[in-house]
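>>> return a 3D structure for these sequence lines:
(one chain, ligands or ions: 2)
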Amino acid sequence: MIKFTNLMNKASAGGATSRSKNIVWHEASVTRADISRQRSHKSVILWFTGLSGSGKSTLANAVNAALFKKGFSTYVLDGDNVRHGLCKDLGFSDVDREENIRRISEVAKLFLDAGIIVLTAFVSPFRSDRNAARQLVDKGDFIEVFCSADLKTCEERDTKGLYAKARKGEIKDFTGISSPYEEPDSPELNIETGSRDLDKCVQDVLCKLSELNIIEE
Ligand SMILES: Nc1ncnc2c1ncn2[C@@H]1O[C@H](COP(=O)(O)OS(=O)(=O)O)[C@@H](OP(=O)(O)O)[C@H]1O
Ligand SMILES: Nc1ncnc2c1ncn2[C@@H]1O[C@H](COP(=O)(O)OP(=O)(O)O)[C@@H](O)[C@H]1O
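Numbering: from 1, shown residues only. Ligands and ions are numbered 1, 2, ... in the order given. Okay, the predicted model is just below:
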């Protein structure tokens, strides 16, 4: 299924560009490189994507705890939480999801500039939106972590009872049921969160960070 892009939305995006024409970029006096040197680690965006119930929040928070314990500066941006504040005006139509991911991508980029390892846990079902997030930052700054758990497993877990509601038609546009999930083509990490032990999944992520010289084990 192809994502429906609202033409009105595109038109207002053009308006935003013209509104910002008198705005001048101000260079920071403390740079990301300065922060990185002081903290002895690089910053990066770890972008967890997958179906509801695939294990994004669990894995992102477990990786966060492991990194925090080692003394790294980290932060988790979680879909459910962000939708209580910054994105509380958004629903789950294709257009709203696109705007949700656009805002989160910009916020994640700010965390990157602040020298923080930022872990985002959003369904982010559309390839184009995830690729747009990737394009916002330099090569190597964006690590896509596909939480790979099939629909059957996620539905059996149904930790929030949302699949049952979606099957009964009580929630519309539910990912995997009545709204598509487009799997990543070539994520930096493909983790079998449907079948692999959580501890092993955490190790997979830490190994990747070490291999990429983001952290030193
Ligand atoms: N229609 C529909 N589709 C998918 N998910 C739904 C929906 N309605 C509510 N929820 C709950 O909202 C969480 C997903 O929010 P996200 O911001 O991650 O979604 S998205 O990236 O904008 O697609 C998602 O959280 P997770 O289960 O942690 O993925 C659900 O709890
Ligand atoms: N390897 C794993 N990684 C992450 N979650 C797992 C794993 N194995 C089992 N789970 C379980 O799957 C459920 C996933 O829920 P959650 O993290 O809220 O998913 P999501 O954020 O993708 O909706 C949790 O109950 C978690 O304990």
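
>>> helix, strand or coil: sort out I101 for me.
helix (DSSP: H, G, I helix; E, B strand; the rest coil).

>>> tell me how many other residues crowd it.
26 (other C-beta atoms under 10 Å). From N, CA and C alone the C-beta is placed, and that goes for glycine too.

>>> go ahead and confirm it touches A133.
Yes: taking C-beta atoms under 8 Å as the definition, I101 is a contact partner of A133 at 6.4 Å.

>>> give me the common contacts of these two.
Taking C-beta atoms under 8 Å, 6 or more residues apart in numbering as the criterion, I101 and A133 both touch S124.

>>> A60: which element?
helix 56-69 (DSSP states H and E).

>>> what's the average pLDDT for that helix?
If you average the pLDDT over helix 56-69, you get 98.

>>> what about the strand or helix carrying D204, distance to the chain center?
Assigning secondary structure by DSSP H and E places D204 in helix 198-211. From the chain centre to the centre of helix 198-211 is a distance of 17 Å (C-alpha atoms, centre = their mean, to the nearest Å).

>>> equivalent analysis for stretch 95-108, please.
The answer for stretch 95-108 is 9 Å, by C-alpha atoms, centre = their mean.

>>> circling back to that earlier point, touching ligand 2 at all, the helix holding D204?
Yes: counting by C-beta under 6 Å from any ligand atom, contacts between helix 198-211 and ligand 2 involve 198, 201.

>>> and the strands in the protein?
Counting by DSSP state E, the chain has these strands, from start to end: 44-49, 74-78, 117-121, 142-147, 189-191.

>>> now the closest residue to ligand 2 within the chain: closest residue in space, sequence neighbours ignored.
Here the chain gets closest to ligand 2 at one residue, G55, 2.5 Å apart by C-beta to the nearest ligand atom. Excluding its sequence neighbours, the residue lying closest to G55 (C-beta to C-beta, 6 or more residues apart in numbering) is T193, at 3.6 Å.

>>> return the residues in contact with the one you found.
50, 54-56, 58-59, 147-149, 201.

>>> and ligand 1, which of these contact it?
Contacts with ligand 1 within the contacts of T193, counted by C-beta under 6 Å from any ligand atom: K56.
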